[in-house]
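Asker: Turn this into a structure:
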Amino acid sequence: MIAMGSLSGAAQAQDASVNQGTVEACFNGAPRDAGVPGCVGDAANQCQAQPGGSSTIGIVACLQAETAVWDTLLNREYKATRAQVDQFDTGQPPVSEALLTAQRAWIAFRDAECSLAYERNRGGTIRSVAAASCLMRMTAQRSLELRDMRGGL
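Answerer: Residues are numbered from 1 along each chain as shown. Okay, here's the model as predicted:
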């Protein structure tokens, strides 16, 4: 997302940090197949209460910091799900290849959807917040979907 990338450097300079445990507790406490839990964004909200966190740049930096934790969880869940589906491969096109194709398509969809959120809010600084929030929520949702996928295999 080119438009959002121009702000990300400034937002990251904000040196925002979130409590990783808050995000992990949200992940661990989320019921299976329940969509995006209400606790997504809690760590970013706590970050925003810190000095500098309530400016647009601070809010975006806090959202990006929580997204980074969700992204770590997503990568962990993807690897675990891929390892599990590899056990079921029978010599035909591997299930893990279908998972990889789906994951690549999901990344493209997420990026397009969050670029849309950015573009829909033209003319205001809220567009960066909308795009960063979109990335956080979609990343959280996908990490939970991958976790839940293993339960159905």
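
Asker: For residue 33, which non-adjacent residue is spatially closest?
Answerer: residue 148 (5.4 Å; CB to CB, 6 or more residues apart in numbering). Where you see a C-beta, it was placed from the backbone N, CA and C, and this is true even at glycine.

Asker: And the longest helix anywhere in the chain, what's buried?
Answerer: Ranked by residue count, the top helix of the chain under DSSP state H comes out as helix 56-86. By 16 or more other CB atoms under 10 Å, the buried positions in helix 56-86 come out as 56-71, 73-74, 77-78, 81-82, 84-85.

Asker: For it, the averaged confidence score.
Answerer: Here helix 56-86 scores 95 as its mean pLDDT.

Asker: Tell me the helix or strand right after that helix.
Answerer: helix 95-120 (DSSP states H and E).

Asker: Check the offset of that following helix from the chain's centre.
Answerer: Using CA atoms, centre = their mean, to the nearest Å, the distance from the centre of helix 95-120 to the centre of the chain it belongs to is 11 Å.

Asker: got it, and stretch 76-90?
Answerer: Distance, centroid of stretch 76-90 to centroid of chain: 20 Å (CA atoms, centre = their mean).

Asker: got the contact list for it?
Answerer: Stretch 76-90 is contacted from outside by 94-96, 99-100, 103, 143, 146-147, 149-150, 153, using CB atoms under 8 Å, 6 or more residues apart in numbering.

Asker: Out of those, which two are the most distant from each other?
Answerer: 94 and 143 (22.4 Å; CB to CB).

Asker: between the two, who's got more neighbours?
Answerer: residue 143 (24 against 15; other CB atoms under 10 Å).

Asker: what residues are up against the more buried one?
Answerer: 27, 70, 73-74, 77.
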